[in-house]
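1. the sequence and its predicted three-dimensional model are supplied below.
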Amino acid sequence: MKKPIAEFIGTFTLVFLGCGAAVIAGADGMTGVGLTGISLAFGLALIGMAYGIGPVSGCHINPAVTLGAVVAGRMPPGEAPAYILAQIAGGVVGAFTLMLIATGQGAGYDLAINGLGQNGWGPGYLGEYSLVAALIFEIVATFLFLVVILGATGPSAPQGFAGLAIGLALVVIHLVGIKVTGVSVNPARSIGPALFVGGTALAQLWLFIIAPVIGAVAAGFLFKSGVLEPEAR
């Protein structure tokens, strides 16, 4: 149970702190941390967990990463279900904990208005990008994220720097994509907030499950085929 417990804690941390930066610390750069601060919160949370639980479970904290690792041959398929269930549970509990804290502000917070950092697209959501734009961004961003993850954790990669490289990649992805979808690249990160916010967030959740899986599996196939594996010396 060590690995699923580690994945639960890691995903809880990512959702609680990353989404918490958006909900509690604020997206307004004049009075809050702004989009850059939110991007850093997600990336730094991942870096911290990479070194905190990485030695236990590999710190996937993302069902798409787990599936990509399986496809790439980096993880036994039989371990994946426990990882994914733990990640989803961590995301749900992280979002629930954030909601409990946010509602403590009283009249200053309304779940229907302020949300929980849920993902989305279209009219009324951040940059109001289209479904097609959201789909393309999530597939491409997850693919690139998995390329960094699988490359940085490969046998030929420099030791001890994987967590830093992966976390910084997540920061850059957020800097580019927050206005597009709020950035998922992680079904567990999307499921948690959507379950409690409901409405449009829940109706649009399918994209933030399907698109990251497509991007991750594509990256996994490239590593499995040897296209992105370094030549043996």
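-> Received the coordinates, thanks. Residues are numbered from 1 along each chain as shown.
2. and S39, what element?
-> Per DSSP states H and E: S39 is located in helix 34-57.
3. run through the neighbouring helices and strands of the next helix or strand after that helix.
-> Downstream of helix 34-57, the first helix or strand assigned by DSSP H and E is helix 63-71. The helices and strands touching helix 63-71, judged by 3 or more Cβ pairs under 8 Å, 6 or more residues apart in numbering; DSSP states H and E, are helix 80-102, helix 131-152, helix 187-197, helix 207-225. No exception for glycine: its C-beta is placed from N, CA and C like everyone else's.
4. do you know how far the nearest residue to S156 once chain neighbours are set aside is from L135?
-> Spatial nearest neighbour of S156, excluding adjacent residues (Cβ to Cβ, 6 or more residues apart in numbering): P230 at 4.6 Å. Computed as Cβ to Cβ, to the nearest Å, the P230 to L135 distance reads 32 Å.
5. how about G43?
-> 23 Å.
6. comparing these two, which residue is more hemmed in?
-> Remark: of G43 and L135, G43 carries more neighbours, 23 against 17, as counted by other Cβ atoms under 10 Å.
7. surely that one and L168 touch.
-> Yes. Using Cβ atoms under 8 Å, G43 is in contact with L168, at 6.1 Å.
8. just to revisit the earlier point, CA atoms only: put the helix holding S39 into PDB for me.
-> Extracted C-alpha coordinates of helix 34-57, given in PDB (Å, rounded to 0.1, in the frame of the first residue of the first chain):
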ATOM      1  CA  GLY A  34      -1.600  36.400 -10.500                       C
ATOM      2  CA  LEU A  35      -1.300  33.800 -13.300                       C
ATOM      3  CA  THR A  36       2.500  33.500 -12.800                       C
ATOM      4  CA  GLY A  37       2.000  32.800  -9.100                       C
ATOM      5  CA  ILE A  38      -0.600  30.100  -9.900                       C
ATOM      6  CA  SER A  39       1.800  28.500 -12.500                       C
ATOM      7  CA  LEU A  40       4.600  28.500  -9.900                       C
ATOM      8  CA  ALA A  41       2.300  26.900  -7.300                       C
ATOM      9  CA  PHE A  42       1.500  23.900  -9.500                       C
ATOM     10  CA  GLY A  43       5.100  23.500 -10.500                       C
ATOM     11  CA  LEU A  44       6.600  23.900  -7.000                       C
ATOM     12  CA  ALA A  45       4.100  21.600  -5.500                       C
ATOM     13  CA  LEU A  46       5.100  18.900  -8.000                       C
ATOM     14  CA  ILE A  47       8.800  19.600  -7.400                       C
ATOM     15  CA  GLY A  48       8.300  19.200  -3.600                       C
ATOM     16  CA  MET A  49       6.400  15.900  -4.100                       C
ATOM     17  CA  ALA A  50       8.900  14.600  -6.600                       C
ATOM     18  CA  TYR A  51      11.500  14.600  -3.900                       C
ATOM     19  CA  GLY A  52       9.100  13.800  -1.100                       C
ATOM     20  CA  ILE A  53       7.400  10.700  -2.500                       C
ATOM     21  CA  GLY A  54       9.400  10.100  -5.700                       C
ATOM     22  CA  PRO A  55      11.500   7.400  -4.000                       C
ATOM     23  CA  VAL A  56       8.400   5.600  -2.900                       C
ATOM     24  CA  SER A  57       6.100   5.600  -6.000                       C
END
